[in-house]
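> sharing a sequence plus its predicted fold:
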Amino acid sequence: IALLTFEGLAAQNIHTGYHSNAFILKSSSNASAFPESNLVIGLPTLSNLNFGLQLPFSLNEALSKGADDSLRIDIPSLIDNLDDGEGLYMQARAQLFFLGIKLGHEKNIFTYIGDELVSNVGAVVSGKLLDYLSRGNAYFLNQQMNFDSERFQATAYNSFYIGASFRPIDELTIGARFKMLNGLANINTETFNLSFYTDSTSSPVYQTTLEANMMLQTSIPGIAPDSLSFNPFLNKGFAVDFGLTYQATDELEFSLAINDLGQINWAKQNTLNYSTNGQVNYLIDGLEMSSSDSEDNDLESQVEEIVDDLSSVFSLSDSSTAYSTKLKSNLFFGAKYELTEQHSFSFLFHSRDQISSRFNVFSLGYQLQASESLEFLASYQNLNGISNIAAGFVICPGPVQMHVIVDNTLAADVFDAKNFAIQLGLTFGFGIEK
């Protein structure tokens, strides 16, 4: 009995599909998932779209219509919607291969190996910083303006994993997955602290004191001192996933999963880091107006001096030193109640680590087994206060199994959408147990 799979993994985005009939979706989010088939084979590239995007604002909040009906960036609205800790986040996963087989006389052990590519991007910019940049320092005279919540992180890595799920009794399944990681690229603002103070009594006017403490870590092909020697196999790491599923009664099931506990160590040979070497202070002179004939020349030279001062501020020293970054961990807790053979209801709580906070999702789901080969999925989700309606289906005509799940159907209204996630999968099953 075999199952041939073409699938992409995106465990961080799976909500509606967590309680679906699609084994690969369940396995990627919970290591205790146990298939009906004795053999599972996964191949890449076919229907391999698994993607999630979260924005701190919608297009309607970012744009406004001018008198001539043209769209313009609405700076005040952006400032209002850029709360501390909220930012842009994007996740994508692509499975390269998967091979699993049941073992034991009673076939109660499922072991597997697999490989996947993972990418995560996150950026946080506070509304306070955007307000400062848009208004200028003259608006904030004699105020200490501190900016320390800004962050940027981007990581791409390969994850080769081995795992097993074990069913010691019919009601209980436990699982674990061990991942060997190789970092492909990384940009990380390890430290970002800026502080501005503009003195209203200074001469020249608007003289500004800038305090900066910055550390930007990078490991990217083409940026290291010896780019030709960049070797991603030196960027090593590890991570573990744990899962548990308990069938409390014939109708009621509980599950728990903790994923991506680990880190990547970025090798010295592959890194180039930029730093102020601790906290440094800079004095940026303002403009001194003059009524003399040489006013234009004085103004031009002062502007050039300010530009030179800013260039010196952001002329960071560079070095190659090893560093480590943690993976963004995930926690899933689910419950499913099978009312009848056709109708099931579910609850899911998902908490994901982000740059400066955790992203929490509560989901209420409904599963309709319309026929032996067709399952419809729907859910209501609350993502950090944002409501979503999600839908999808799993269809199995003969040896083919296909699923399409959109975790925010409201994204059809593009201008009001703040998040979007999709999973597409096409599988081929041979001799699957019914």
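Received the coordinates, thanks. Only a predicted model underlies this, so the values are computations on that prediction, with no experimental measurement involved. Residues are numbered from 1 along each chain as shown.
> only C-alpha atoms for contact and neighbour calcs from this point on.
Noted.
> quick check, residue 408 in contact with residue 419.
Yes. If you go by Cα atoms under 8 Å, residue 408 and residue 419 touch, sitting 7.2 Å apart.
> for residue 393, helix, strand, or coil?
When classified by DSSP: H, G, I helix; E, B strand; the rest coil, residue 393 comes out as strand.
> bridging residues for it?
residue 376, residue 404 (DSSP bridges).
> report the contact partners of it.
Shown in contact with residue 393 (Cα atoms under 8 Å, 6 or more residues apart in numbering): 374, 375, 376, 377, 403, 404, 405.
> from the residues you listed, which single one is nearest residue 89?
Taking Cα to Cα as the measure, residue 89 lies nearest residue 405 of those, at 19.7 Å.
> the closest one and residue 422 touch, don't they?
Yes. Applying Cα under 8 Å, one finds residue 405 in contact with residue 422, separated by 5.7 Å.
> pLDDT weak spots in the stretch 301-434 of the chain?
Where the stretch 301-434 of the chain drops to pLDDT under 70, the residues are 301-314, 409-414, 429-434.
> mind running it again at 80?
301-316, 354-357, 384-386, 398-401, 408-420, 425-434 (pLDDT under 80).
> now do the closest residue to residue 56 other than its chain neighbours against residue 407, distance only.
Leaving aside its sequence neighbours, residue 56 sits nearest to residue 87 (Cα to Cα, 6 or more residues apart in numbering; 5.2 Å). Separation of residue 87 from residue 407 (Cα to Cα, to the nearest Å): 19 Å.
> the two: who's more crowded?
Using other Cα atoms under 10 Å, the more surrounded residue of residue 87 and residue 407 is residue 407, with 27 against 23.
> state the distance from that one to residue 73.
Separation of residue 407 from residue 73 (Cα to Cα) stands at 28 Å.
> kindly report the same for residue 149.
23 Å.
> so between these two, which is more surrounded?
The neighbour comparison of residue 149 against residue 73 (other Cα under 10 Å) goes to residue 149, with 19 against 15.
> please settle this for me: is that one part of a strand?
No. Residue 149: not assigned to a strand; according to three-state DSSP it is coil.
> these two touch, right, it and residue 124?
Yes. The pair residue 149 and residue 124 passes the contact test of Cα under 8 Å, sitting 7.3 Å apart.
> the more surrounded of residue 405 and residue 422?
More neighbours surround residue 405 than the other of residue 405 and residue 422, with 24 against 21 (other Cα under 10 Å).
> dump the residue contacts of the residue nearest to that one when sequence neighbours are not counted.
Once flanking residues are discounted, residue 405 sits nearest to residue 392: 4.0 Å by Cα to Cα, 6+ apart. Taking Cα under 8 Å, 6+ apart, we find residue 392 in contact with 16, 17, 376, 377, 378, 403, 404, 405, 406.
> which residues of the chain fall in helices?
Secondary structure of the chain (DSSP state H): helices located at 23-29, 59-62, 75-81, 127-135, 295-313.
> going by mean pLDDT, which of these comes out lowest?
The minimum mean pLDDT among the helices of the chain belongs to helix 295-313 (a mean of 58).
> how far away is residue 104 from residue 213?
The value you get for residue 104 to residue 213, if Cα to Cα is used, is 58 Å.
> between those two, point out the one with more neighbours.
The residue with more neighbours, out of residue 104 and residue 213, is residue 213; 17 against 8, by other Cα under 10 Å.
> okay, the residue nearest to residue 56 and residue 131: tell me how far apart.
Separation of residue 87 from residue 131 (Cα to Cα): 16 Å.
> next one: residue 284
To residue 131, residue 284 is 20 Å away according to Cα to Cα.
> could you do residue 274 as well?
26 Å.
> try residue 37
Residue 37 is 57 Å from residue 131, by Cα to Cα.
> so for those two, which residue has more residues nearby?
Set residue 37 next to residue 131 and count neighbours by other Cα under 10 Å: residue 37 wins out with 20 against 17.
> contacts only, for residue 184.
Going by Cα under 8 Å, 6+ apart, the list of residues near residue 184 reads 155, 156, 157, 158, 219, 220, 232, 235.
> can you name the residues bridging to the nearest residue to it once chain neighbours are set aside?
Nearest non-adjacent residue to residue 184, counting by Cα to Cα, 6+ apart: residue 157, 4.8 Å away. The partner list for residue 157 in beta bridges (DSSP bridges) reads residue 118, residue 183.
> for residue 157, give me its contacts.
By Cα under 8 Å, 6+ apart, the neighbours of residue 157 are 117, 118, 119, 181, 182, 183, 184, 185.
> what's the neighbour count on the fifth one?
To tie it back to what came earlier, the one meant is residue 182. Neighbours of residue 182 (other Cα under 10 Å): 23.
> regarding stretch 30-37, how distant is the last residue from the first?
17 Å.
> make 28 the starting number, not 1.
With the count now opening at 28, the last piece we talked about shows up as stretch 57-64.
> where does the prediction get shaky in the stretch 28-177 of the chain?
Residues of the stretch 28-177 of the chain meeting the criterion pLDDT under 80: 28-41, 69-77, 80-89, 92-99, 101-102, 105-114, 160, 163.
> repeat for the stretch 178-327 of the chain
Scanning the stretch 178-327 of the chain for pLDDT under 80 picks out 229-233, 249-256, 311-327.
> rerun at 90
178-179, 217-221, 223, 225-239, 241, 247-259, 296, 299, 301, 303-327 (pLDDT under 90).
> distance of the residue nearest to residue 211 relative to residue 209?
Distance check for residue 184 against residue 209: by Cα to Cα, it reads 6 Å.
> same question, residue 133
Distance of residue 133 to residue 209, given as Cα to Cα: 36 Å.
> now swap in residue 235 and tell me
For residue 235, the distance to residue 209 - Cα to Cα - is 44 Å.
> kindly report the same for residue 432.
Counting by Cα to Cα - residue 432 and residue 209 are separated by 30 Å.
> same question, residue 398
From residue 398 to residue 209 the distance is 43 Å (Cα to Cα).
> next: residue 310.
For residue 310, the distance to residue 209 - Cα to Cα - is 43 Å.
> now swap in residue 147 and tell me
Taken as Cα to Cα, the span from residue 147 to residue 209 is 14 Å.
> cool, and residue 396?
41 Å.
> let me see the contact set for residue 202.
Counting by Cα under 8 Å, 6+ apart, residue 202 has contacts 57, 58, 59, 60, 190, 191, 192, 193, 269, 270, 271.
> before we move on, what about residue 377?
Contacts of residue 377 (Cα under 8 Å, 6+ apart): 42, 357, 358, 359, 360, 387, 388, 389.
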